[in-house]
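>>> structure of the sequence below:
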Amino acid sequence: MDKGKVIWITGASSGIGEAVAYEFAARGAALILSARRPDELARVKDACVAKGAAAEDVLVLPLDVTDEAAMPARVAEAQAFKGRIDMLFNNAGISQRSLCIDTDMATYRRLFEVDVFGQIALTKLVLPIMIAQKSGHLAVTASVAGKIGVGKRTGYCAAKHAMMGFFDALRAEVSKDGIRVTTITPGFIRTNISVNALKGDGSEFGETDKNIAGGMDVTECARVIMKGFDKGKREIAVGDGAEMKALWVKRFFPNLIFKMVEKIG
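Modelled structure (predicted):
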């Protein structure tokens with residue numbers, strides 16, 4: 001069902017973005033791959049071709065989502081690639097591993113620039129294209145941390161809560177234009193998210209923490225996401241650990257989850 005569709009994925013050089021790119025490649029979609037590292041994007045493109053995509057149907061489009069001034073030109077290139085954009089998968093992001101008291105304001109601002117404002121800025125530029133097409137699909141990788149606040153993630157949780165709120169509200173605005181909006185709430189997935197997470201001073205955490213190491217395989221995560229897309233889900237929860245049950249506890253027994261995360265914190 002995705003053959004010939006044009007799928008733009010940010011954060012496509014690793015993790016969930018890379019794994020979802022391979023799933024779309026196997027289905028015959030045209031792909032626009034964006035991230036900051038051209039060499040890694042080239043590697044992902046080669047792998048997409050190996051999985052069945054035609055080389056001419058995969059565009060490597062380097063993009064730093066914090067460089068808002070560069071975005072209009074990148075969006076023009078993306079639209080010119082095949083003449084349309086059927087899906088924008090906002091997947092770029094960074095996490096955090098630091099206590100609030102130890103976290104510089106510059107680090108909080110960095111988290112919001114990447115995880116919030118970069119996603120909003122790109123979405124706003126793609127939105128008129130989809131409205132003109134009278135069709136489109138906007139997806140965003142949020143997190144269980146967008147539903148539940150946990151220690152050493154104050155900035156990350158705030159950013160992911162913001163993304164859930166923004167895209168839920170946007171869905172209400174654009175459904176009349178034939179545009180779908182999907183929020184994705186992964187739990188612990190085996191990626192480099194904790195390695196690349198920011199410490200309080202803005203430097204990289206540099207380690208894979210225990211929860212991430214024991215999380216869901218990223219390929220399985222991508223397949224769950226694709227099934228959610230196919231079913232038209234507005235929100236896709238993906239993970240296989242206890243953190244997924246916490247989503248239901250938060251909904252029905254919020255005081256219990258507050259106590260649980262206080263003990264963890």
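
>>> what's near enough to touch L63?
By CB atoms under 8 Å, 6 or more residues apart in numbering, L63 lies in contact with 10, 34-36, 70-71, 74. The way it works is simple: take the backbone N, C-alpha and C, and place the C-beta from them, glycine included.

>>> what's the mean pLDDT across the one helix or strand M130 maps to?
Assigned by DSSP states H and E, M130 belongs to helix 118-133. In this model, helix 118-133 has an average pLDDT of 98.

>>> and that helix, how far out from the chain middle?
Distance, stretch centre to chain centre, for helix 118-133: 16 Å (CA atoms, centre = their mean, to the nearest Å).

>>> before we move on, back to that, in helices only, show me the contacts of L63.
Counting by DSSP state H, the contacts of L63 place 71, 74 in helices.

>>> can I get the contacts of L63 in CSV with distance to K210?
Below are those laid out as CSV (distance: CB to CB, whole Å):
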residue, distance to K210
T10, 28
S34, 31
A35, 27
R36, 28
A70, 38
M71, 37
R74, 37
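
>>> out of the contacts of L63, which end up buried?
Listed as buried from the contacts of L63 are 10, 34-36, 71, 74; burial here means 16 or more other CB atoms under 10 Å.

>>> make a markdown table out of the residues you listed and add distance to K152.
Below are those laid out as a markdown table (distance: CB to CB, whole Å):
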| residue | distance to K152 |
| --- | --- |
| T10 | 25 |
| S34 | 29 |
| A35 | 25 |
| R36 | 25 |
| M71 | 31 |
| R74 | 33 |
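
>>> between these, which sits nearest M105?
R36 (23.2 Å; CB to CB).

>>> isn't the closest one up against P62?
Yes. Contact criterion CB atoms under 8 Å: R36 and P62 qualify, at 6.6 Å.

>>> could you list the low-pLDDT ranges of this protein?
In the predicted model of the chain, residues 1, 265 satisfy pLDDT under 70.

>>> could I get the full set of helices for it?
Ranges of helices in the chain, per DSSP H, are 15-26, 38-50, 71-82, 105-112, 118-133, 154-174, 210-213, 218-230, 242-252, 254-264.

>>> deepest of the ones you listed, which one?
helix 15-26 (a mean of 23; mean count of other CB atoms under 10 Å).

>>> could you export stretch 77-92 as CSV, CA atoms only?
Listed next in CSV are the C-alpha coordinates belonging to stretch 77-92 (Å, rounded to 0.1, in the frame of the first residue of the first chain):
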residue,chain,number,x,y,z
GLU,A,77,14.3,20.0,-2.4
ALA,A,78,12.2,17.4,-0.8
GLN,A,79,9.1,18.5,-2.7
ALA,A,80,11.0,18.7,-6.0
PHE,A,81,12.3,15.1,-5.6
LYS,A,82,9.0,13.5,-6.6
GLY,A,83,6.6,16.4,-6.7
ARG,A,84,4.9,15.6,-3.5
ILE,A,85,5.4,14.6,0.2
ASP,A,86,3.0,11.9,1.4
MET,A,87,4.5,11.5,4.9
LEU,A,88,6.8,13.5,7.2
PHE,A,89,8.1,11.4,10.0
ASN,A,90,9.5,13.7,12.6
ASN,A,91,11.9,11.4,14.3
ALA,A,92,15.0,13.6,15.1
